[in-house]
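Colleague: just need the structure, nothing else, for what follows:
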Amino acid sequence: MTEIPDEEGAGWFAVLAVLTVFVSGATAVLSLLSGYFLRQLGVESTFTRAMLVVGWSAGAVTVISVLVCTVLLVVTALRASGRLTRETVDRYESSAEVVRAREAWREALLERGILPFLRNALDDSATPPSAPDAPYAPTGRTPLRASGWGPAPTLPPRPPRARDTAGPEKERE
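Modeller: Next up, the predicted model:
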């Protein structure tokens, strides 16, 4: 296994930028929730105002750090796009080991995925469609209901309730 050189890693600035997004976002949410909750309770104190100020400030820090992370991501993508050239791709693709692996993968995909699917589809199409009046005939597959994934069974209709005969007329007597 090859090790990544230090200059290839993310770096402390990138780690700090990502952590800043999460920490300041959580601080903003918790501070604003508690500040507005205290305000709804009718507590108008310096602490309530401080919680709201901290929440909105942390929200601003979150927005700024998201923008910085986005710019860093774009710069990293642009810098990394120049590393992969056509010559390096051709060199790795022309490797005999890569060619053998690709052919083995294609053969396995054909034998284990595509051909069984096509055989199953041909078997299903070879059976003639049943008439609409004919009873259900299983095709060899597990029905959805038996596998537990089918629609829920329907319930029998509920018996009608007897109407309450002790209405307002009966109460007057």
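Colleague: show me what whichever helix or strand Leu78 is part of is packed against.
Modeller: Assessed by DSSP states H and E, Leu78 sits inside helix 46-81. Counting contacts by 3 or more CB pairs under 8 Å, 6 or more residues apart in numbering; DSSP states H and E, helix 46-81 is packed against helix 12-40. Bear in mind the C-beta positions are built from the backbone N, C-alpha and C, glycine included.
Colleague: which parts of the helix it packs on are buried?
Modeller: Within helix 12-40, the residues scored as buried using 16 or more other CB atoms under 10 Å are Ala17, Thr20, Val21, Ser24, Gly25, Thr27, Ala28, Ser31, Leu32, Ser34, Gly35, Leu38.
Colleague: closest to Arg112 among these?
Modeller: Taking CB to CB as the measure, Arg112 lies nearest Val21 of the buried residues of helix 12-40, at 43.6 Å.
Colleague: residues in contact with the residue lying closest to the closest one once chain neighbours are set aside?
Modeller: Leaving out its chain neighbours, the residue that sits closest to Val21 by CB to CB, 6 or more residues apart in numbering is Ser65, at 4.8 Å. By CB atoms under 8 Å, 6 or more residues apart in numbering, the contact list for Ser65 reads Ala17, Thr20, Val21, Ser24.
Colleague: distance of Ser65 from Trp12?
Modeller: For Ser65, the distance to Trp12 equals 15 Å [CB to CB, to the nearest Å].
Colleague: could you pull up the contacting residues of Gly35?
Modeller: Counting by CB under 8 Å, 6+ apart, Gly35 touches Thr48, Arg49, Ala50, Met51, Leu52, Val54, Gly55.
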